[in-house]
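>>> Sharing a model that was predicted from the sequence below.
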Amino acid sequence: MKKIVLLGLVFSLFSCKEQAKTTAELAMTPNGIQINTDDTVEKESIYQFKVTDLYGNPFDFASLKGKKIMVVNTASECGLTPQYENLQELYERYKEDNFTIVGFPANNFGGQEPGSDQQIAEFCKANYGVSFPMMSKISVKGSDMHEVYKFLTEKSRNGLEDSEVQWNFQKYLLDENGYLVRVVSPRTLPTDESIISWIKS
């Protein structure tokens, strides 16, 4: 009798362990599809990147730890270029509240950012008084896509979603830990209430 009880107890414990293991391995079920967590790639942070700003100075994203970040690709000759004004307004309003904007000029859409870094810097300052960090011109799509944008657009790296930069002034929102939390359409203004609510949250 003791042997039967003991065997039953061992079987019960084994079953519990197997069930726990199965639950752990199949914990993620987006859209009702079970995914083995053993195959899940740990998401990366934007803090790993060091870039160069419009003036040739090094810029380390790790210096932004603790801040919410909006990364946006910009252009000087686009119909959406007036968003620079909204971006600057947002930056001035919330820069003391652990929020910042990082702009990346890019010439990927309609050749609307043809200038040099110096020309872009002069344009931004003269026309919109831009004072938030602006980086050196890069590519945000295609075979020469910059590493920052590979991170932003690939779910296997950012842990959120795959995306494609649709046009100038697409926004990527990152939390205080440097993790991507939202992708915002180019036509959505930087001062949209949903973005402001996120900054304040």
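That came through fine.
>>> Give the lowest-confidence helix or strand of this structure, using mean pLDDT as the measure.
Across the helices and strands of the chain, the lowest-confidence element by mean pLDDT, DSSP states H and E is helix 2-25, at a mean of 42.
>>> just checking, what packs against the helix or strand that that one is followed by?
The C-terminal neighbour of helix 2-25 among helices and strands, as given by DSSP states H and E, is strand 50-52. Here strand 50-52 touches strand 58-60, going by 3 or more C-beta pairs under 8 Å, 6 or more residues apart in numbering; DSSP states H and E. C-beta coordinates here come from the backbone N, C-alpha and C atoms, glycine included.
>>> Buried residues, the strand it packs on. List them.
residue 59 (16 or more other C-beta atoms under 10 Å).
>>> From the structure, what's the count of residues near the nearest residue to residue 92 once chain neighbours are set aside?
Spatial nearest neighbour of residue 92, excluding adjacent residues (C-beta to C-beta, 6 or more residues apart in numbering): residue 131 at 7.6 Å. Neighbourhood size, residue 131 [other C-beta atoms under 10 Å]: 13.
>>> Could you check how far residue 131 is from residue 125?
8 Å (C-beta to C-beta, to the nearest Å).
>>> Let me know the pLDDT of the most centrally placed residue in the chain.
Central residue of the chain (C-alpha atoms, centre = their mean): residue 180, 3.6 Å from the mean position. Looking at residue 180, its pLDDT reads 98.
>>> Distance check, it against residue 159.
7 Å.
>>> got a list of what residue 71 touches?
46, 101, 102, 104, 148, 152, 171, 172, 174 (C-beta atoms under 8 Å, 6 or more residues apart in numbering).
>>> wait, residue 129 sits on residue 88?
Yes. Residue 129 is within contact range of residue 88, at 6.0 Å (criterion: C-beta atoms under 8 Å).
>>> In terms of neighbours, single out the busier of the two.
Per other C-beta under 10 Å, whichever of residue 129 and residue 88 has more neighbours is residue 88, with 18 against 11.
>>> ok, back up a step: which residues do residue 180 and residue 159 both contact?
In contact with both residue 180 and residue 159: residue 43, using C-beta under 8 Å, 6+ apart.
>>> Would you map the helices across this structure?
2-25, 83-94, 117-128, 147-153, 155-158, 193-200 (DSSP state H).
>>> what residues does the fourth one touch?
In this case it means helix 147-153. Against helix 147-153 from outside (C-beta under 8 Å, 6+ apart): 44, 46, 48-49, 51, 71, 73, 104, 138-141, 145, 157-158, 162-165, 172, 180.
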